[in-house]
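Undergrad: just a sequence and a predicted model for now, questions to come.
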Amino acid sequence: GAGVSQSPSNKVTEKGKDVELRCDPISGHTALYWYRQSLGQGLEFLIYFQGNSAPDKSGLPSDRFSAERTGGSVSTLTIQRTQQEDSAVYLCASSLVRREAKNIQYFGAGTRLSVL
Amino acid sequence: DAKTTQPPSMDCAEGRAANLPCNHSTISGNEYVYWYRQIHSQGPQYIIHGLKNNETNEMASLIITEDRKSSTLILPHATLRDTAVYYCIAMDSNYQLIWGAGTKLIIKP
């Protein structure tokens, strides 16, 4: 597709369950980012992948959060033992490269996660 | 913490120019300023970015003060579809975008 695709668009889960969120970046983009956005707030960086390099996990809020990127393309963000405070919109973005000043990120529509 | 500060909200009449201010007095000389916007229930959309010189593209103009302590995003002829939250963002030394809360711009008919 032409843009970043995320699925599902909405996810409702019960506290304590695990969830997986998927991101398909723009073809050819080597950099992929995950962000979290709580209601009325700006974006909170979670994790970043660049090619085959080790991911930058500095934004992950706890060890319940993990992400992987298979084959340098599709990425999955996993939240284990979900808590109510995990409720937010999870956004994925991709860009051609990251380590340059001109880094234009293209975003998906996000996954709205609700933990009951 | 965000390196930029913006007013939380602004109104603009349809057809008029919308001027959105941003203060970024602590950014360093090689840090770009980016503007994105987020329409309700959508992902953020890139608008424009700049370093020192004023920039213009099909969406907007970016005016950066000579001391680089502030900038203004200009939407020349605002339409109702321009209603969104506008984010002024600086890139840190690790090339990471640092997001603030943005300005909620409401275009009124």
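TA: Thanks, I have the structure now.
Undergrad: paired strands for the lowest-mean-pLDDT helix or strand in chain B, with orientation please.
TA: Within chain B, no helix or strand scores below strand B:97-98, which has a mean of 82 by mean pLDDT, DSSP states H and E. For strand B:97-98, the pairing partners within the sheet under DSSP bridges are strand B:84-91 (antiparallel).
Undergrad: who's in contact with the strand it pairs with?
TA: The contact list for strand B:84-91 (Cβ atoms under 8 Å, 6 or more residues apart in numbering or on different chains) reads A:42, A:101, A:103, B:2-4, B:6, B:20, B:22, B:24, B:27, B:31-40, B:44, B:47, B:71, B:73, B:97-100, B:102-105. For every residue, glycine as well, the C-beta is placed using N, CA and C.
Undergrad: all the strands of chain A, in order from the start?
TA: A:5-7, A:10-13, A:19-24, A:31-37, A:44-50, A:65-69, A:75-79, A:88-95, A:106-107, A:111-115 (DSSP state E).
Undergrad: returning to that earlier point: downstream of the least confident helix or strand of chain B, the next helix or strand is which one?
TA: strand B:103-108 (DSSP states H and E).
Undergrad: list the helices and strands that following strand packs on?
TA: Where contact means 3 or more Cβ pairs under 8 Å, 6 or more residues apart in numbering or on different chains; DSSP states H and E, strand B:103-108 is packed against strand B:9-13, strand B:18-23, strand B:84-91.
Undergrad: pull the last one out as PDB, backbone CA atoms only.
TA: Included here for strand B:84-91 are C-alpha records, laid out as PDB according to Å, rounded to 0.1, in the frame of the first residue of the first chain:
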ATOM      1  CA  ALA B  84      -6.600  20.000  13.800                       C
ATOM      2  CA  VAL B  85      -3.900  19.900  16.500                       C
ATOM      3  CA  TYR B  86      -0.700  21.400  15.200                       C
ATOM      4  CA  TYR B  87       2.600  20.200  16.700                       C
ATOM      5  CA  CYS B  88       5.800  22.200  16.600                       C
ATOM      6  CA  ILE B  89       8.600  19.700  17.200                       C
ATOM      7  CA  ALA B  90      12.300  19.800  17.700                       C
ATOM      8  CA  MET B  91      14.700  17.000  16.900                       C
END
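Undergrad: tell me what angle that strand forms with strand B:9-13.
TA: Counting by axes from the mean of the first three to the mean of the last three Cα atoms, to 10 degrees, strand B:84-91 lies at 130 degrees to strand B:9-13.
Undergrad: returning to what we had before: mean neighbour count and distance to B:Ile64 added to the strands of chain A, as TSV?
TA: Shown next, in TSV, are the strands of chain A (neighbours: other Cβ atoms under 10 Å in any protein chain shown; distance: least, Cβ to Cβ, whole Å):
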stretch	mean neighbour count	distance to B:Ile64
strand A:5-7	17	33
strand A:10-13	14	39
strand A:19-24	19	33
strand A:31-37	24	25
strand A:44-50	20	24
strand A:65-69	17	35
strand A:75-79	19	34
strand A:88-95	24	22
strand A:106-107	20	24
strand A:111-115	18	35
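Undergrad: around chain B, pick out the residues from chain A.
TA: Proximity of chain A to chain B, by Cβ under 8 Å from any Cβ of the partner chain, involves residues A:4, A:35, A:40-45, A:48, A:56, A:91, A:93, A:98-110.
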